[in-house]
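*Asks:* Sharing a model that was predicted from the sequence below.
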Amino acid sequence: MTLPRLLVLTDRSQLPLGRSLLATLAECRAAGLTHVVVRELDEPPEQRAKLAAAAAELGLAVIAAHGPLPGSVGVHLPAGARGNTSFDALSGRSRRPDSGCNSVLHLGRSCHSRPDVTAAAADGFDYAMLSPYALTGSKPGYGPPLGPGAFADLPLPTYALGGITPVNATEAVGAGAYGVAVMGAVMRADEPGQVVSDLLAALASAEVVR
């Protein structure tokens with residue numbers, strides 16, 4: 001399965017008052033989103049599994065944060081994750097019925113520098129998320145923005161994360177990012193489907209330029 005150019009990460013704490021996470025994901029799917037990274041790490045595993053199943057029912061491919069969820073097609077691990085039991089199992093792309101995952105097609109890791117991305121490639125990851133690309137409202141004060149210069153000639157597909165909007169998504173991909181990963185701009189939006197539509201249009205235009 002090919003990696004998408006757009007990933008949306010969930011964070012229900014940023015949703016506008018009265019809006020549900022599933023309603024937001026449904027609007028995003030209708031706008032063309034194909035993959036979602038299910039976070040909600042404060043929830044118990046059974047609740048996260050229900051959320052992943054509901055997202056899959058919407059037609060979204062689920063990438064699970066920090067560990068596999070039933071039906072997920074990928075796992076995204078935190079910065080520095082390697083050499084532990086879960087990584088060893090996941091990097092083997094287990095297809096056993098009891099593995100907790102139908103098949104791990106995408107294995108990613110969070111990174112915060114170019115050397116981090118190089119290490120992720122050496123450790124066998126399929127993709128990385130490199131952040132923060134720009135100032136971010138989701139995690140204010142979380143390191144200085146890396147900017148477009150950090151994304152040239154990286155050794156594996158890398159998503160720009162942090163402060164990504166439809167305005168700078170084209171710049172990020174033009175600088176070398178494989179795609180963009182977005183949380184706050186979608187989660188906080190009154191019209192999340194419109195944000196996804198604008199992001200996909202920006203990414204499509206960047207592809208034409210490349």
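*Replies:* Nice, thanks for sending it over.

*Asks:* can you pull out the strands in this protein?
*Replies:* Ranges of strands within the chain are 6-9, 35-38, 61-65, 74-77, 106-111, 127-130, 158-161, 179-182, based on DSSP state E.

*Asks:* would you turn those strands into JSON lines with mean neighbour count and mean pLDDT?
*Replies:* Any C-beta I mention is one placed from the backbone N, CA and C, and that applies to glycine too. What follows is the strands of the chain, written out as JSON lines (neighbours: other CB atoms under 10 Å; pLDDT from 0 to 100):
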{"stretch": "strand 6-9", "mean neighbour count": "24", "mean pLDDT": "98"}
{"stretch": "strand 35-38", "mean neighbour count": "24", "mean pLDDT": "98"}
{"stretch": "strand 61-65", "mean neighbour count": "24", "mean pLDDT": "97"}
{"stretch": "strand 74-77", "mean neighbour count": "25", "mean pLDDT": "95"}
{"stretch": "strand 106-111", "mean neighbour count": "24", "mean pLDDT": "95"}
{"stretch": "strand 127-130", "mean neighbour count": "25", "mean pLDDT": "97"}
{"stretch": "strand 158-161", "mean neighbour count": "29", "mean pLDDT": "98"}
{"stretch": "strand 179-182", "mean neighbour count": "28", "mean pLDDT": "98"}
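
*Asks:* Which one, of those, ends up nearest to Gly193?
*Replies:* strand 6-9 (11.1 Å; CB to CB).

*Asks:* who's in contact with that closest one?
*Replies:* For strand 6-9, the external contacting residues (CB atoms under 8 Å, 6 or more residues apart in numbering) are 25, 28, 33-37, 39, 63, 65, 129, 159, 161, 179-183, 186, 196, 199-200, 203.

*Asks:* I am finished for the moment; much appreciated.
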